[in-house]
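Asks: what would the 3D arrangement of this be:
(chains A and B)
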Amino acid sequence: MIDTTINYLKDYVGQEVRLSGWLYNKRSSGKIRFLLVRDGTGLVQCIMAKGEVPDATFELSDSLTQESSLKVTGTVRVEPRSPGGFELGLTNIEIVQIAEPYPITKKEHGVDFLHDLRHLWLRSSRQYAIMKIRNEVIWAIREFFYNRGFVLIDSPILTAAIGEESSSLFETEYFKMGKAYLAQTGQLYIEAACMSLRNVFCFGPTFRAEKSLTRRHLTEFWMVEGEMAYCDAEGSMKIQEEMVSYAAQAILKKCRPELEKLERDITKLETILPPFPRVDYGDAVKILQEHGSSITWGTDLGAEDETILSNMHDRPVFITNYPKRAKAFYMKENPANTETVLCADLLASEGYGEIIGGSQREDNYDKLLARIREEKLPEAAYGWYLDLRKYGSVPHSGFGLGIERTVTWLAGIHHIREAIPFPRMITRLYP
RNA sequence: UCCCCUGUAGCUCAGCGGUAGAGCAGCUGACUGUUAAUCAGCGGGUCGCUGGUUCAAUCCCAGCCGGGGGAGCCA
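Replies: Residues are numbered from 1 along each chain as shown, chains lettered A, B, ... in the order given. Here you go, the predicted model:
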């Protein structure tokens, strides 16, 4: 008896093996039973005809409900009519547990219902495919950084009031020290670390209490941030385009079945290769106005603006050098145009919107302090951050990539909530 | 914070001022190659909540609660 898993069936054609898994679906036709079994590595059709197995075994199959856990023994054979190309001619069934009637059926369901059952929804083949793609995207990015000598720096989740915008912080009591806030970014911390280790990154959950109820927002999402000492804005963009391309090519190589399951247009992924086009913000505004957008110089791009620019290219596009007043205090002023900053947002292709925000950081003490005061930020909380500009300040740049937005785009799915195992949104805290 | 849509069987939905309907799922049966199998039969309901109009409200009106989509903002 060989115990194995579905992904290894190709090595056992003609042999008898035992699989352990769950019943995904069941069909019958007179004296024949088809059991569709999943085991976490794939899906296989198992078949049994009355008279070819003991009657007791045959009747056992009729007691199985959807998602019942079981072990099946049988002979592996090549069968094009079976999903995956192999099927198991059953000789025995061992029941682990008969499942209660399963709420998620083979028919359509609404999003509210599926969200309430997210713990079970994850078992469906579509969610399975998305989670596999997410996994490969994350590993590809970690591998990319590791191969280039970047050092992983884990930034704190609990912070004092520091980050982007005070209106969207989650707060909690912190002993006798007042309020603590869930991190919105690890950027300021890895800026400190890059002065020690040169090229660093952090990867962890971040929290935004924004009341954004759209298919592109989560209140808890995972972000990868890179920070590089002695690196300018252009150097940072080079790293970003290579990283994003590396992730796209990795899932092309490793997730073909999953992309097919999701009916992803593969040709749209194959063109994701460096270099990505760079469009200056000022030029973008002109282009958008020619296309009928009401955008004026000085404001951020709207969702429709992003789609227009994105659709003009077959790969992601950088929008560079935004107006200073539309961006965060820590971005370095552009010496060529002091109304703008040295920053770049990366818009994913196919209208999927922004996936990276990045910039060269302000490395001049006086200018940074002036910006903190201009924005009326709590100066005391930024004392240590200002220190970095006192002790061997150097030009440095960094960026943050939203994992779920990237997965949504690469997997070609519609809603960000499917790109994370247990989404946290304004209306979702359970399961 | 703003705009729009929505709430009826376990699920997806239809419906109407006169006490409720389909498909799927479930259960029972038929069928030896099914692919969301098919076919026949059966059971299944506080029509989101509260109030109002009315002889009569699931239906019309108001408020509340829940859900979805979009905008803004961001990753």
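Asks: CA only for contacts and neighbour counts going forward, please
Replies: Fine.
Asks: are the top strand by length along chain A and RNA strand B in contact anywhere?
Replies: As far as residue count goes, and with DSSP state E defining each element, the longest strand of chain A is strand A:16-29. Yes: Strand A:16-29 lies within reach of RNA strand B by Cα under 7 Å from any atom of the strand, at A:25-29.
Asks: partners of that strand, with directions?
Replies: The pairing partners recorded for strand A:16-29 under DSSP bridges are strand A:2-3 (parallel), strand A:32-38 (antiparallel), strand A:69-78 (antiparallel).
Asks: follow-up on the earlier one: of the residues of strand A:16-29 next to RNA strand B, closest to residue A:42?
Replies: The shortest approach to residue A:42 among those belongs to residue A:25, at 13.5 Å (Cα to Cα).
Asks: hang on, that closest one packs against residue A:43?
Replies: No: between residue A:25 and residue A:43 there is no contact under Cα atoms under 8 Å: 10.3 Å.
Asks: which one's more surrounded, the two?
Replies: The residue with more neighbours, out of residue A:25 and residue A:43, is residue A:43; 24 against 18, by other Cα atoms under 10 Å.
Asks: what sits against the more buried one?
Replies: Residue A:43 is in contact with A:6, A:36-37, A:83-84, counting by Cα atoms under 8 Å, 6 or more residues apart in numbering.
Asks: enumerate the residues of the stretch 201-350 of chain A near RNA strand B.
Replies: Residues of the stretch 201-350 of chain A lying close to RNA strand B by Cα under 7 Å from any atom of the strand are A:208, A:210-221, A:223, A:299-304, A:326-327.
Asks: just the strands paired with strand A:16-29: most buried one?
Replies: Of all the strands paired with strand A:16-29, strand A:32-38 carries the top mean neighbour count, a mean of 21, counting by mean count of other Cα atoms under 10 Å.
Asks: beta-bridge partners for residue A:88, please?
Replies: Counting by DSSP bridges, residue A:88 forms beta bridges with residue A:46, residue A:76.
Asks: quick one: pLDDT of the nearest residue in space to residue A:182 that is not next to it in sequence?
Replies: With sequence-adjacent residues excluded and distances taken as Cα to Cα, 6 or more residues apart in numbering, residue A:182 is closest to residue A:158, at 5.0 Å. Per-residue confidence at residue A:158 stands at 93 (pLDDT).
Asks: next up, the contacts around residue A:158.
Replies: Taking Cα under 8 Å, 6+ apart, we find residue A:158 in contact with A:180-183.
Asks: how far out from the middle of the chain is stretch A:147-164?
Replies: The offset between the C-alpha centroid of stretch A:147-164 and the centroid of the whole chain comes to 18 Å, using Cα atoms, centre = their mean, to the nearest Å.
Asks: let me see the domain layout of chain A.
Replies: Domain ranges of chain A: A:2-97, A:118-419, per automatic domain parsing.
Asks: need these in CSV (columns: distance to residue A:428).
Replies: Formatted as CSV, those follow (distance: least, Cα to Cα, whole Å):
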stretch, distance to residue A:428
domain A:2-97, 25
domain A:118-419, 9
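Asks: number of nearby residues for residue A:14?
Replies: Residue A:14 is surrounded by 14 other residues when neighbours are defined as other Cα under 10 Å.
Asks: that one and RNA strand B, how far apart?
Replies: Plainly put, residue A:14 is 14 Å away from RNA strand B if you go by Cα to the nearest atom of the strand, to the nearest Å.
Asks: who are the contact partners of that residue?
Replies: By Cα under 8 Å, 6+ apart, the contact list for residue A:14 reads A:75-77.
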